[in-house]
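**Student:** Sequence and predicted structure below; questions after.
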Amino acid sequence: MGVGVLDILMAGGWAMLPILICSAIALAIVLERCWTLRRSSVLPPGLGQEVREWARSDKLDPSHLEQLSAGSPLGELLASALAVRHRPRDQIKERLEDTGRHVVHRMERYLNTLGTIALIGPLLGLFGTVIGLIRMFMEVMGGGMADPTRMAGGIGEALICTASGLTVAIPAYVLHRYFRSKVSAYCVEMEKQAIVLLDDLTPVSPVAPARVRRTPAATGHAAV
């Protein structure tokens, strides 16, 4: 069976080489992202509550924050708020937003490459198809229509390249959308944890109702 697959790939011609390279790159990206974007690695269970307890105890040192930041993307986000916990609420919120952009960028690493492979896969298959058809016509022009095997080689090369390009592109596109949605869901969860920590660090004081100044007209007395 392995020999048959190898024969089929070789029958696709040299146009199969970029398709095979794209498939190898896509497989490496998928395996790496599956490992990196595990939920336990991005959002360790119970970390948000634990960090809020640390903040209430106010026993945080720089080494502790550095360890928290290196542990997970959520830990990095929360550690950035704890590092400036004594500043005003607006500055803490700004730090969270800046750190959040960097965290999201790292979680989306290589996804653009995976999307590009999903886009160019069918184009590479189409390119191989065109090359196969050109070779078929060249064979026909050189030897006429007497030998059908000359045409069969070009047609087989064209079909193999088309099928191979689609085989690479379809899973790459599906997995690209899957990882994008997964990152978006993680971002929502991290935002919730960051907001809760921000409220703990800078509780919002209730706004006192404004006192209405009573004018003489309002009291029923005419102005003198």
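**Tutor:** Great, that's in hand.

**Student:** contacts and neighbour counts: CA atoms only from here.
**Tutor:** OK.

**Student:** now what about stretch 84-101, what contacts it?
**Tutor:** For stretch 84-101, the surrounding residues in contact (C-alpha atoms under 8 Å, 6 or more residues apart in numbering) are Glu76, Leu77, Leu78, Ser80, Ala81, Ala194, Leu198, Leu201, Thr202.

**Student:** Ignoring the adjacent residues along the chain, who's closest to the first one?
**Tutor:** Take Glu76 and drop its neighbours on the chain: the residue closest to it by C-alpha to C-alpha, 6 or more residues apart in numbering is Ser69, 3.6 Å away.

**Student:** For the contacts of stretch 84-101, pick the one with the most neighbours.
**Tutor:** The residue in the contacts of stretch 84-101 with the most neighbours, by other C-alpha atoms under 10 Å, is Leu78 (28 neighbours).

**Student:** what about that residue, which helix or strand?
**Tutor:** helix 73-83 (DSSP states H and E).

**Student:** Which other helices and strands does the top helix by length along the chain contact?
**Tutor:** The longest helix of the chain (DSSP state H) is helix 148-201. With contacts taken as 3 or more C-alpha pairs under 8 Å, 6 or more residues apart in numbering; DSSP states H and E, helix 148-201 sits against helix 2-11, helix 16-36, helix 47-57, helix 73-83, helix 89-107, helix 111-143.

**Student:** angle of that helix against helix 111-143?
**Tutor:** 170 degrees (axes from the mean of the first three to the mean of the last three C-alpha atoms, to 10 degrees).

**Student:** could the contacts of stretch 84-101 be laid out in a markdown table, adding distance to Tyr186 and pLDDT?
**Tutor:** Compiled in a markdown table, the contacts of stretch 84-101 are given as follows (distance: C-alpha to C-alpha, whole Å; pLDDT from 0 to 100):
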| residue | distance to Tyr186 | pLDDT |
| --- | --- | --- |
| Glu76 | 14 | 91 |
| Leu77 | 12 | 92 |
| Leu78 | 14 | 90 |
| Ser80 | 18 | 89 |
| Ala81 | 18 | 89 |
| Ala194 | 12 | 91 |
| Leu198 | 18 | 88 |
| Leu201 | 23 | 81 |
| Thr202 | 24 | 76 |
